[in-house]
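**Student:** following is a predicted model, sequence given first.
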Amino acid sequence: MKIMVVGGGGREHAIIKKLKENPNVTELYALPGNGGIAADAICVDIGAKDIPAIVSFAKEKAIDFAVVAPDDPLVLGAVDALNEIGIPCFGPEAKAAIIEGSKVFSKNLMKKYNIPTASYEVFTDSASALAYLDTAPIPTVVKADGLALGKGVIIAQTREEAKAAVRSMMEDKQFGESGSRVVIEEFLTGPEVSVLAFTDGHVVRPMVSSMDHKRALDNDEGLNTGGMGTIAPNPYYTPEIAEECMKTIFLPTIDAMNKEGRTFKGCLYFGLMLTENGPKVIEYNCRFGDPETQVVLPLMKSDLLTVMMATANGTLADAEVEFSDGAACCVIVASKGYPAKYESGFEMKLPADSADGWIYVAGAKRDGDRLLSAGGRVLGVTGIAGDLPQAIQKAYKRVEKVEFENGYCRSDIGARALKALQN
Ligand code: AMP
Ligand code: GLY
């Protein structure tokens, strides 16, 4: 089979490595992929947002099955366009991807169908938002409506900070049209859990839970990033909480999308906060998380391609979706300076993959035989073991073997989870 994966980061590398386990995969393309992914797939220089070029490539190669991984092409309708020329795809259509593409849409959906989430107000002009902030409870959370490269959420500790966020989103258009509407919501507290779930619009098959580490520095200090590391499973996510989430969040969400005529097929990402008043939705994503995928897929025992095809054709109820009882830890190695200013082009030497861990490349270029860093998050170094303490140890041991002088990583990925396990 000829398979094509749209995207070019660590998440896509994890998807590609997993797809390759299926012996029926004879040709595997990544659009655009990256210098590290090139070891596992044929990289084609087509940007993930260039829908016309993606469609013509798929047609020319007679691709049998496509996986659209990043949010942008999903929201822009890549799956719709590929389906139109008869190519089956893993991923939601644009009308369902809106669950991530518009926070106003997702908040209104949750309100309408009684799905637990932070209480909120929507504003379409800055004057009303600023007036509301004069009396709103503090801290508060200001969110740009549309996609903003993961930077559209500001947790404001003071009124002034919240107002500055509104001004930069709505008046200075920091995120362009994404900030023309904002959501201002209640600040929630509690452990966060990421749950990725396969769904074909009929059934939901959650994957093993995980925990992201969003801040750049140890002890959750420093700037927010796309994610500096993950562990799975998340010890806060007990079987009882999983059952509650299925009843109060996962199934109601699938139902709600069906009722709205926006059936969701693909991977639905539930960003949850376990509050004193029960689990609540912090955000939905219409795709696999990055770097959650780098710990979730290595623990998947079932065949990914089979599950993805069943998801796309509506037969997920008959598919086996199983995960191992082990644990995984992924430590992101980023360029020094990330998420602010950083430099690229540093040569890297990576240890070989082995049974207890491997490296997913998120940002790299090839220069002949040399692998050069390219981008903010560069590597995802994953350790796999029977339990979390060992998985963490294995990931960090592998990090020590990476040669990349401009790289940095957090030294405490998984520490919070270990503490939770000890309590
Ligand atoms: P998002 O981009 O929606 O994932 O938000 C980024 C991060 O902001 C989340 O992972 C949470 O840590 C935090 N966050 C978002 N919404 C809230 C909220 N209502 N209360 C507290 N923290 C939040
Ligand atoms: N790791 C968070 C995300 O993928 O949105």
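**Tutor:** Arrived safely. Residues are numbered from 1 along each chain as shown. Ligands and ions are numbered 1, 2, ... in the order given.

**Student:** from here on, just use CA atoms for contacts and neighbour counts.
**Tutor:** Fine.

**Student:** among the helices and strands of this protein, which one scores worst on average pLDDT?
**Tutor:** Least confident helix or strand, the chain: strand 221-224 with a mean of 90, by mean pLDDT, DSSP states H and E.

**Student:** quick one: end-to-end distance for stretch 291-308.
**Tutor:** End-to-end span of stretch 291-308 (CA to CA, to the nearest Å): 19 Å.

**Student:** is ligand 2 within reach of it?
**Tutor:** Yes - contact of stretch 291-308 with ligand 2 (CA under 6 Å from any ligand atom) involves Pro291, Glu292.

**Student:** Asp125 contacts Met170, doesn't it?
**Tutor:** Yes - counting by CA atoms under 8 Å, Asp125 touches Met170, with 7.2 Å between them.

**Student:** more neighbours, those two?
**Tutor:** Ranked by neighbour count (other CA atoms under 10 Å), Asp125 and Met170 place Met170 first, with 25 against 14.

**Student:** just the pLDDT for that one.
**Tutor:** pLDDT for Met170: 94.

**Student:** for the stretch 301-423 of the chain, which segments count as helices?
**Tutor:** 304-313, 388-400, 415-422 (DSSP state H, counting those that start in this stretch).

**Student:** closest to Gly326 out of the ones you listed?
**Tutor:** In terms of CA to CA, the element of the helices of the stretch 301-423 of the chain nearest to Gly326 is helix 388-400, at 7.7 Å.

**Student:** buried stuff in that closest one?
**Tutor:** Across helix 388-400, burial judged by 16 or more other CA atoms under 10 Å covers Leu388, Pro389, Gln390, Ala391, Ile392, Gln393, Lys394, Ala395, Tyr396, Arg398, Val399.

**Student:** put the alpha carbons of it into PDB.
**Tutor:** Extracted in PDB, the C-alpha atoms of helix 388-400 (Å, rounded to 0.1, in the frame of the first residue of the first chain):
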ATOM      1  CA  LEU A 388       7.400   5.100  34.700                       C
ATOM      2  CA  PRO A 389      10.500   5.500  36.800                       C
ATOM      3  CA  GLN A 390      12.400   3.200  34.400                       C
ATOM      4  CA  ALA A 391      11.000   4.900  31.300                       C
ATOM      5  CA  ILE A 392      12.100   8.300  32.600                       C
ATOM      6  CA  GLN A 393      15.600   6.900  33.400                       C
ATOM      7  CA  LYS A 394      15.900   5.400  29.900                       C
ATOM      8  CA  ALA A 395      14.800   8.600  28.200                       C
ATOM      9  CA  TYR A 396      17.400  10.600  30.000                       C
ATOM     10  CA  LYS A 397      20.100   8.000  29.500                       C
ATOM     11  CA  ARG A 398      19.400   8.300  25.800                       C
ATOM     12  CA  VAL A 399      19.500  12.100  25.900                       C
ATOM     13  CA  GLU A 400      23.000  11.900  27.300                       C
END
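
**Student:** that one to helix 415-422, inter-axis angle?
**Tutor:** Counting by axes from the mean of the first three to the mean of the last three CA atoms, to 10 degrees, helix 388-400 lies at 160 degrees to helix 415-422.

**Student:** any stretches of the chain with poor pLDDT?
**Tutor:** Applying pLDDT under 70 to the chain flags no residue at all.

**Student:** show me what from it comes close to ligand 2.
**Tutor:** Asp212, Gly226, Gly227, Gly289, Asp290, Pro291, Glu292.

**Student:** could you tell me the end-to-end distance of stretch 117-124?
**Tutor:** 21 Å.

**Student:** what does that stretch rub up against?
**Tutor:** With contacts defined as CA atoms under 8 Å, 6 or more residues apart in numbering, stretch 117-124 is touched by 104, 107, 110, 129, 180-188, 280-282.
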